[in-house]
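Undergrad: I would like the atomic coordinates for the input below:
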Amino acid sequence: MYDQKNKTLLHVNDLSISRNNETVFCGLNFALNMGEALAIVGPSGSGKTTLALALLQKIFYTGHIEIAFQKSKIAF
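TA: Residues are numbered from 1 along each chain as shown. Next up, the predicted model:
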């Protein structure tokens, strides 16, 4: 949930994604606050692009993604 006091810009709670009947990740939780940076790193096939697509609301997922800066651009 966006927290004006803590300036939480992105909040991901219990995010799960499956593609081609395989679980990419399950139960992912994190928050990004104003002034912080987020780097998504990992080997090929680990779900980096899948996570980015979920954050952009481009693929189906379960869980909750709340973005406080909906009018801003997200690049990956």
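Undergrad: Could you check how far the nearest residue to residue 41 once chain neighbours are set aside is from residue 26?
TA: Spatially, and ignoring its direct neighbours in sequence, residue 41 is nearest to residue 48 (7.3 Å; Cβ to Cβ, 6 or more residues apart in numbering). (Glycine included, C-beta is placed from N, CA and C.) Separation of residue 48 from residue 26 (Cβ to Cβ, to the nearest Å): 16 Å.
Undergrad: Which of these two has more residues huddled nearby?
TA: residue 48 (16 against 12; other Cβ atoms under 10 Å).
Undergrad: The helix or strand in which residue 66 is found pairs with which strands?
TA: Residue 66 belongs to strand 62-67 when assigned by DSSP states H and E. Using DSSP bridges, the strands paired with strand 62-67 are strand 8-19 (antiparallel).
Undergrad: pLDDT (mean, whole number) over the partner strand?
TA: Strand 8-19 shows a mean pLDDT of 94.
Undergrad: how long is stretch 35-44 end to end?
TA: Using Cα to Cα, to the nearest Å, one end of stretch 35-44 lies 28 Å from the other.
Undergrad: cool, stretch 14-33 as well?
TA: Where stretch 14-33 begins and where it ends lie 18 Å apart, using Cα to Cα.
Undergrad: Would you mind listing the outside residues contacting it?
TA: Residues from elsewhere that reach stretch 14-33 (Cβ atoms under 8 Å, 6 or more residues apart in numbering): 6-13, 38, 47, 50-51, 54, 59-65.
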